[in-house]
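> just need the structure, nothing else, for what follows:
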Amino acid sequence: MDRIDGTNNKTLYDFANPEIDTLLKHSVRTQLESLLKTSISVEQRLVVLQQSFVEAMTLALSEITAPHTQLVKTFENMYDQAVLSMAVAGLSQEQLTHQYISATGLIMSPYNCKHTIKDIYRIKGYARGLDKAIQGKLKNKSSINVLYPACGPFAPLLLPLLSYYKETQTFKPSQIQVTLVDIQPGAILTLKQLVSDLQLEEYISLIEEADATVFEPENTIDLLVLEAMQHGFTKEGQLSIAKHLVKYLSIDGWMIPQNVSVKGMMVVGETEFNQQWKTQEFSHSSNVANEAQQDRVELGEILKINKSTLLEMHELELEGGIKVIPANQIVLPKGVEDMSKRIFAVYAHIETFAQEEVGQYDSGITHPRPDNSVYIDLKPKDIEHTHFVASSGDTIQFYYQLTGLPGFVPVKVQESI
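Predicted structure coming up:
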């Protein structure tokens, strides 16, 4: 039988052992069974992998919007092929599943990070924006340096795009040089395998195992590509990473995303999170119900993150070494009769570049996040230290906490009269 990896002599049968069975979920096991039946060669596997990445980007970059079902099938295929490369990389159980809280946020395991590559509208919004940014930079420069920190095992915002460039000969390696950084050893092992399998080595100047919040690039960066966030702008260290690395951008360097706007709102939970989706095939900004939008009470922008705001941000250090970033103030509106029955929620709108975006509900990172610790016009029976209680008309100052569990902290500045 043909080997799946001629370098380490692993056969397809080797991937059926219990040690990595957690990686090979049903879809992947099914695919491996298919490979066994056809005795696919290493060369054939690599061709299928490379084609899957190019096909996904062809759909993502097309000006004609593909049907959702076609996108799902294509992105699932790219995911399945990438996971095969992950299996070939031979991660130990520890390297695959290790997840922990660092000083600046959640460090997800390679196993949990791998799903990002099939988050269709997140990848699409970033790929289209990044493509426009690369084209814009290369109009005035012969070559650019791109830094992608916290990239995970598949570097999904960039490797598919590079595969497309290579296949279509849009841009050569001499024009784009990429540095990939991740703190997880398992992610680094997978990245090296995947870059090799995709034959993208000439585009990659460095793959570095490092903490992105302290990493110091050797060269000035033209494009900083970053997505290390979860819904409600919590848990992961997007802000800490961006705040550290923005100073390494060239004077005319760009961040991708170009702008992240985090907003607050008061919603009726049943309307916002249940009723408006009952008749929809999938959640997406284009499928948001007008009734649900009109039923919201928008509170305004809590925090804006872009190159300018990052360079101007200042930290406050509290007792115990806890650091916070002052965000915006909002005034809670008066006259909302059912305010006490509403839930406070936070959501992000992401502008990747040149009007390309990831809108609300397009991805897990832009889904509104309800915060049940905030009470407006309602006092809980048993107040805990985690509860925040305020009234309509109060002025609220938001802070963003830069700890292992990053997130927003509301503080009353002025009570309504």
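> tell me where the stretch 151-300 of the chain has helices.
Secondary structure of the stretch 151-300 of the chain (DSSP state H, counting those that start in this stretch): helices at 159-168, 185-197, 238-245, 269-273, 290-295.
> would JSON lines of those with mean pLDDT and distance to Met313 be doable?
All C-beta spots, glycine's among them, are computed from the backbone N, C-alpha and C. Below are those laid out as JSON lines (pLDDT from 0 to 100; distance: least, Cβ to Cβ, whole Å):
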{"stretch": "helix 159-168", "mean pLDDT": "98", "distance to Met313": "29"}
{"stretch": "helix 185-197", "mean pLDDT": "97", "distance to Met313": "28"}
{"stretch": "helix 238-245", "mean pLDDT": "95", "distance to Met313": "6"}
{"stretch": "helix 269-273", "mean pLDDT": "93", "distance to Met313": "31"}
{"stretch": "helix 290-295", "mean pLDDT": "90", "distance to Met313": "31"}
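> what's the closest of those helices to Arg45?
Across these, Arg45 has its closest neighbour in helix 185-197 (8.0 Å, Cβ to Cβ).
> which other helices and strands does that closest one contact?
Packing partners of helix 185-197 (3 or more Cβ pairs under 8 Å, 6 or more residues apart in numbering; DSSP states H and E): helix 42-61, helix 68-89, helix 93-97, helix 110-113, strand 176-182, strand 204-209.
> right, and Ser52 touches Lys73 too?
No. Counting by Cβ atoms under 8 Å, Ser52 stays clear of Lys73, with 10.7 Å between them.
> follow-up on the earlier one: which among the helices of the stretch 151-300 of the chain is found nearest to Pro110?
Per Cβ to Cβ, nearest to Pro110 of the helices of the stretch 151-300 of the chain: helix 185-197, 4.1 Å.
> please identify the most buried of the helices and strands packed on helix 185-197.
strand 176-182 (a mean of 23; mean count of other Cβ atoms under 10 Å).
> now do that one, average pLDDT.
Taken as a whole, strand 176-182 has an average pLDDT of 98.
> report the distance from that strand to the chain centre.
Its chain's C-alpha centre and that of strand 176-182 lie 17 Å apart, by Cα atoms, centre = their mean, to the nearest Å.
> and Leu200, what does it touch?
For Leu200, the contact set (Cβ atoms under 8 Å, 6 or more residues apart in numbering) comprises Leu159, Leu162, Ser163, Lys166.
> Ile144 too?
Ile134, Lys137, Leu138, Gln175, Ile176, Gln177, Asp222, Leu223.
> partners of Asp371 in the sheet?
Phe344 (DSSP bridges).
> now it: how far from Lys235?
Per Cβ to Cβ, to the nearest Å, Asp371 is found 13 Å from Lys235.
> ok, Ile117 next?
Taking Cβ to Cβ as the criterion, Ile117 is separated from Lys235 by 19 Å.
> quick one: which of those two has more around it?
Ranked by neighbour count (other Cβ atoms under 10 Å), Ile117 and Lys235 place Ile117 first, with 26 against 19.
> wouldn't the more buried one be in contact with Met78 here?
Yes. Taking Cβ under 8 Å as the contact criterion, Ile117 and Met78 are neighbours in contact, 6.3 Å apart.
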